[in-house]
Every structure is written in C-alpha cells, then in structure tokens.
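Asks: Output the structure for:
(chains A and B)
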Amino acid sequence: MNYLLLGRYIPVTSILHKLDPRTKLISAVLFIILIVNVNNGAAFLALWGIAFLVMYISRIPPRVYFRGIKPILWFIILTAILQMLFTTGTKTFFQWRMITISDYGIERGLFIFFRFTLITLLSIAVTLTTKPIDLTDGLSFLLKPFQYLKVPVNELSITLAIAFRFIPNLLDETQKVMDAQRIRGNEFGVGSPLQQMKALVPVFLPIFASTLQRSEELANVMDVRGFRADQKRSSFRQLQWKKMDTLSLCIVIVFIIWIRWLNIHFN
Amino acid sequence: MGDAVIEVKDLSFRYNKSEEKAVLSSLSFTVNKGEWIAIVGPNGSGKSTLANLLCGLLKPDQGTIYIKGKPLNDETIWEIREKMGVIFQNPDHQFIGTTVQDDVAFSLENMNLPYEEMQRRVDRALRQVGMAEYREKDPSYLSGGQKRRVSIAGILAMEPEIIIFDEAFTMLDPKSRRELFSLLKEMQASGQLTMVSITHDMEEAALADRIIVLNKGKISRIGTPGEVFPETTELLAPFSERLRRLLIQKGRRLPDKYMTETELIEWLWKYNFTT
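Replies: Numbering: from 1, shown residues only, chains lettered A, B, ... in the order given. Sure, this is the predicted structure:
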C-alpha cells in the first residue's frame, strides 16, 4: 500500500530534518511565490540549482523526489504542451489552423513545466523531511493570527493530527479487507475500468463502516480523557526555534533577492 | 467499611426510551476507597452500559451516581473526569497521540498543565508501566500489550483516584494479560486507587476484592471471589475453580471453598504426596 503515500516522511538525519517546521513552511511559501513570478531563463536556472541543492542536503535520493512528481507529470506536460501549441510569438515555426508553434510559445511552455515541477519538488522536500505531526504544529502556529477571525485553528490542528495518526491504521485495514476479498475470489486491477471500480465497492463499504465505528469510539475516548474543544489546552509538543532556523531563513531570503535580481536584470 | 468513592443509587437505564424493558433496573452498590471491584455477567447483562454510565458517556434514566460524594451530572462531569480514568476494550482505538509520550500527555494537555509538570508526569507514568524506553515510538511499532500499558500510563499520569477498565484485557494474549494483572496489583497496593473492572474474564475477576454479578440488568450476587465462585453456576468460573469442581465430580475430596491457582497447586501437591 506504500505507493499511496508519496512524499511521506522519511526518517534520516539531515540539516533539513532538524530545522523547525515553521522555517521550512515559510521558506516553501516564499519560494512558491517567487517561482510563480519568475519569467526568465537565468532565474529558472538558479532555481533549479537551489532545488538540487535542497535535494542534496535532505540526504534523500533524488529518485524519491521524482517518484513524487510522477503522478502529476502527465498533467504538467499536458499543460505545457497546450501553452506551446496555442501561444503566438515573434517567430513562428509551424502553423496549422489554430495551432501555432512559436519561439515565445516554446518558452512559455517550458517555463510552465519548470514552475510546476519546481513547486512540487520543494513541497515534497518539506513533507519528506518533516513529520506530519510537526507539520501540523508548524501550520497551527503560523495560522494563529487567523484565530482573531474566528477560525478554529486549534480544533483544526488536532483534527489534522488525529487524521495523520490513523492513516497507517486505515491502510492496514484496507490491506486486510482486500486480502479477505481476494481469498473469496475477488480480483483487483484486472478488467475494464468499470470492472475495476466495481471490485473496489466491497472493499470500501467495510472500511467506511469500520471507520465510522472507530470514530465513535475515539470520540468517547477523547471525551472521557477530558478533551473539550472550547477549553484552553496546553501543548506537550513544543516547537523550538534555534539559531540554525534564523540562519536558514536569512539564507533563503538572500537567495530570493538574488533570483529577483536575476529575473529583472536579464529581462 | 471505608469511605465510599463510588456510590450508585437506584440506577436505571433504557436505550430505547419507549420500551418498558430496562437494560439496568434499580442498581445500587458502593465501592470503597482503595477497593478493586469486578463487575461480571453474561453478554447482555448490562455490564458495558454500566461502564458507560459510570464515566458519564450515558445519562441514567433514574437514580444517581455519586463520585466522592458529588453527583455525576453535566456540571461536575469535567471535574470528575480529571480524577477518573477509563480504559476501553480496543487499545488501538484509544491511542490518540502520534507517539507514546504524546498519547500519555493527551489528558494532561486537556487539564492545561504547564509543560514541565507534563514532562515530569509523563516520565513517571511511563516508568511505572515499564515503557520508558519506548517514549518516542509510534503506535504501529507496539504490540497489543504494550499499547495497553501506554493507555494505563496515560491514566496514571492524570494521578487519578478511580480507574475503570471496560473489558480492557480481552483482546490481549494470555502472557501480556498476566503481566498486566500483576501491574494492576502493584497499582492497587498503594491503597489510594479505586479500581472497577468490567469483564467477562473470570481470571481477572478473581483478582478483585469483591465481585458484583450482573444478570439481566440486576445484581444477582455481590461478594468476595471466595464467596461468589463456588455458589454461582451462571458464570464460567476461573480455571482453578473449574478444576476444583471437576476433581470433586471425579470423587476426589477437596476443600469446599474457592481456591486461587496457587492455593490449589499447593493443595494438590500435598494431596499427591499423601496418597
């Protein structure tokens, strides 16, 4: 079942793993904003350099990253090709009815491809090096200001934390039900798409039922253990902002300014 | 009699309010401080309903439950829950934290305790149940018995006065069950902890100070294991009692009273020796 969990946390020791989740989240968001606004080759080259640097210091083999892109690769390529085919430019290489391939179109297509892959790579870098629970803590810290807008940040973060906690259980259970169905002669992954979907119905129903049952039990347990959504709770997990985090954020900002400069200078 | 920690008065409950037939009807009993009570009975006798009533997940139709003299109701429930721990049947479904220590701290977070205090309590509770070296592990790494230990640690960290076990040991293998029983014995030894175990495992019930036998929503018998087992036929007695009865059937002469496993071994050993 593991292939379902692309981009899941991989426990190795690296600088990236040791950073505070807030540092990683802020950096990722800053880079994503930057990537969306970049539009020249020099800046993209620098960004690719940074992406490879990030992959390198995460100590996670690049193939893990590329496996993470794979599921959306076709979507990215399709978008890029559409850009290429329908954008007019100064030099036209090929034209047939609506379809034009021009220098500008090729550039646009390529940039779209770069944008999507870079954004995916950097997001995967965050999830590969941060435990889901730390990610949740980081997110709920960064979203704290929204509490004043009546967004129930604490409830959301505990919901998210519990959801992450039960993913492995759910996968185990799915495996068990699928095995039980297989023993009874149900085949998965064969036949037409419709048949394949039909084969999954007897898997999803029991899982759905048991999940409902489990959530009721869980709610009782939380109740009995004194959980009240409207009460102030203290937190056992503490995020620790270290010198390394300040330093990393500074480096990220320097990189961003440098790329902005490249982007303006080479236009 | 010591002071009553749990006092159940005239408790009745129906799931289907339009029906006459009650799951529990006018139940009354008390549990004293430091006592270990086992509530036993066949399926459908209302054991689990009683457990849910005791921890406030269900509300009685009639009657009151007093915990340390305070009636259990909407106003007192949160205060009472800080002093009362409940352990349910499935260890997997009550593991809320992502790691062992996070799970143990869950109740403490709810009590809004300061961080240092939580560290101290989590540490002590985990050492008490012998799980200290697993504190960073996630639940998928643990066996059923270990998960059970973690849920007990989660309760102990609250420093409770009452613990309710609702079929808490049924899903475990015999070995870890026996290990946990000796842990419970240790916990009880302080005399501060009142324990209620709701169970159909007679080996577990045999460890209690007193047994309450429920049948069709009524108390059919109350007494020490020594009093209850020999005279009760509706229960599957613990192994030692069943063996004793079998030996009597075979014409052997054995004492006419309930014996614990060790007592029986002791007795049989002498029996062999003299004949």
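
Asks: Find the helix or strand that the residue of chain B found nearest chain A is a member of.
Replies: Among all residues of chain B, B:Ala105 sits closest to chain A, at 3.6 Å; criterion: C-beta to the nearest C-beta. Where C-beta positions appear, they are placed from N, C-alpha and C, glycine not excepted. Taking DSSP states H and E as the criterion, B:Ala105 maps to helix B:100-110.

Asks: mean confidence for that helix?
Replies: For helix B:100-110, the mean per-residue pLDDT is 93.

Asks: Could you pull up phi and psi at residue 87?
Replies: You didn't say which chain, so I picked chain A. The phi/psi pair for A:Thr87 (degrees, to the nearest 10) reads phi -110, psi 130.

Asks: Sorry, I should have been clearer: chain B.
Replies: Torsion angles, degrees, to the nearest 10, at B:Ile87: phi -120, psi 120.

Asks: give me the beta-bridge partners of it?
Replies: Bridge pairing for B:Ile87 (DSSP bridges) gives the partners B:Phe165.

Asks: can you pull the contacts of it?
Replies: When contacts are counted by C-beta atoms under 8 Å, 6 or more residues apart in numbering or on different chains, B:Ile87 touches B:94, B:148, B:151-152, B:155, B:163-166, B:168.

Asks: How about the residues of chain A by chain B?
Replies: A:131-133, A:161-162, A:164-165, A:168-169, A:214, A:217-218, A:220-228, A:231-238 (C-beta under 8 Å from any C-beta of the partner chain).

Asks: that older thread, could you identify the most distant pair in the contacts of B:Ile87?
Replies: B:Arg148 and B:Ile164 (14.5 Å; C-beta to C-beta).

Asks: So A:Ile76 sits against A:Phe114, correct?
Replies: No. If you go by C-beta atoms under 8 Å, A:Ile76 and A:Phe114 don't touch, sitting 9.6 Å apart.

Asks: Pick out whichever of the two has more residues nearby.
Replies: A:Phe114 (21 against 18; other C-beta atoms under 10 Å in any protein chain shown).

Asks: Can you give me the distance of that one to chain B?
Replies: 36 Å (C-beta to the nearest C-beta, to the nearest Å).

Asks: Equivalent analysis for A:Ala46, please.
Replies: 37 Å.

Asks: now do A:Ile124
Replies: 21 Å.

Asks: cool, A:Leu78 as well?
Replies: Relative to chain B, A:Leu78 is positioned 38 Å away (C-beta to the nearest C-beta).

Asks: Could you point out the longest helix of chain B?
Replies: Longest helix in chain B by number of residues (criterion: DSSP state H): helix B:174-189.

Asks: If you count contacts, what does that one end up packed against?
Replies: Under the contact criterion of 3 or more C-beta pairs under 8 Å, 6 or more residues apart in numbering or on different chains; DSSP states H and E, helix B:174-189 touches helix B:144-156, strand B:194-198, helix B:202-206.

Asks: Run a quick neighbour tally on B:Asp166.
Replies: B:Asp166, neighbours per other C-beta under 10 Å, totals 22.

Asks: no no, B:Ala153
Replies: Neighbours around B:Ala153, by other C-beta under 10 Å: 25.

Asks: Please verify my assumption that it contacts B:Arg124.
Replies: No. In this structure, B:Ala153 is not within contact of B:Arg124 by C-beta under 8 Å, at 9.1 Å.

Asks: Do you know the pLDDT at A:Tyr56?
Replies: 94.

Asks: Run through who's touching the helix or strand hosting it.
Replies: Assigned by DSSP H and E, A:Tyr56 falls within helix A:41-57. Applying C-beta under 8 Å, 6+ apart, the contact partners of helix A:41-57 are A:14-16, A:31, A:34-35, A:38, A:62, A:65, A:111, A:114, A:118, A:121-122, A:125, A:255, A:258-259, A:262-263, A:265-266.
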